[in-house]
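J.: can't give you the sequence, but here's the structure:
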């Protein structure tokens, strides 16, 4: 199995679920298409990543798992901050409000003529109202700088900023691992059933 991501959080979640994937990150153009809905975008990027890695690196019948995560507020995507000032701007936007985190997942079996398994899971995240001092303290920790929406729910951000969530915590981390495990198990079951099926005369 290949995980088409070098995210430490996704790697950790896959290993905790009992998988030991080869890590081969995808190199694709992630530019949104004109007028593309954020949910459609995250699904398309996950599928493009999985297919690119499957075509270039996977052995026949090997599974490739890919994911992409975005943070959206009022239908607009909040990416990774470019600097501390940008991180403060995002956190000010999120302060006291509910936003959405969407993770798209795609699982491809190399050489399979069947379409890939893909889905997008969305979780609502509500922030406490944040003071400027709290925002400055969090930005100074350095945690926001490599994360979409300028925060990480599994780190200081989850203990300091987040009032509550409605949905899957692991979707916010970047991989809804229970859904992924079920999808992978379905691929394995299909393989076992195919192997056990009698040959047609």
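T.: Received the coordinates, thanks. Treat the numbers as computed from the prediction; the structure is a model and nothing was measured.
J.: for this structure, give me the ranges with low pLDDT.
T.: 190-201 (pLDDT under 70).
J.: for it, just list every one of the helices.
T.: 8-16, 38-57, 84-94, 132-140, 156-160, 169-173, 177-196 (DSSP state H).
J.: which residues are in contact with the fifth one?
T.: Which is helix 156-160. For helix 156-160, the external contacting residues (C-beta atoms under 8 Å, 6 or more residues apart in numbering) are 134, 137, 138, 141, 143, 144, 147, 151, 152. For the C-beta atoms, the positions are set from N, CA and C on the backbone; glycine is no exception.
J.: mind redoing it with 7 Å?
T.: Helix 156-160 is contacted from outside by 134, 138, 141, 143, 151, using C-beta atoms under 7 Å, 6 or more residues apart in numbering.
J.: need the max-distance pair from those residues.
T.: 134 and 143 (13.1 Å; C-beta to C-beta).
J.: what about the nearest residue to residue 147 once chain neighbours are set aside, neighbour count?
T.: The shortest distance from residue 147 to any non-neighbouring residue, by C-beta to C-beta, 6 or more residues apart in numbering, is to residue 80 (6.3 Å). Residue 80 has 15 neighbouring residues, counting by other C-beta atoms under 10 Å.
J.: wait, residue 80 sits on residue 148?
T.: Yes: counting by C-beta atoms under 7 Å, residue 80 does reach residue 148; the two are 5.7 Å apart.
J.: dump the residue contacts of the nearest residue to residue 38 once chain neighbours are set aside.
T.: The shortest distance from residue 38 to any non-neighbouring residue, by C-beta to C-beta, 6+ apart, is to residue 72 (4.7 Å). By C-beta under 7 Å, 6+ apart, residue 72 lies in contact with 38, 78, 99, 100, 102.
J.: beta partners of the third one?
T.: Legend: beta-bridge partners of residue 99 under DSSP bridges are residue 125.
J.: so which of the helices of the chain gets nearest residue 23?
T.: Short answer: helix 8-16, nearest of the helices of the chain by C-beta to C-beta, at 6.4 Å.
J.: so which elements touch that closest one?
T.: strand 2-3, helix 169-173 (3 or more C-beta pairs under 7 Å, 6 or more residues apart in numbering; DSSP states H and E).
J.: partners of the first one, with directions?
T.: Using DSSP bridges, strand 2-3 pairs in its sheet with strand 22-23 (parallel), strand 63-73 (parallel).
J.: now do the longest one: distance to the chain's middle.
T.: In terms of C-alpha atoms, centre = their mean, to the nearest Å, the centre of strand 63-73 is found 3 Å from the chain centre.
J.: ok, the first one next?
T.: Relative to its parent chain, strand 22-23 has a centroid offset of 16 Å by C-alpha atoms, centre = their mean.
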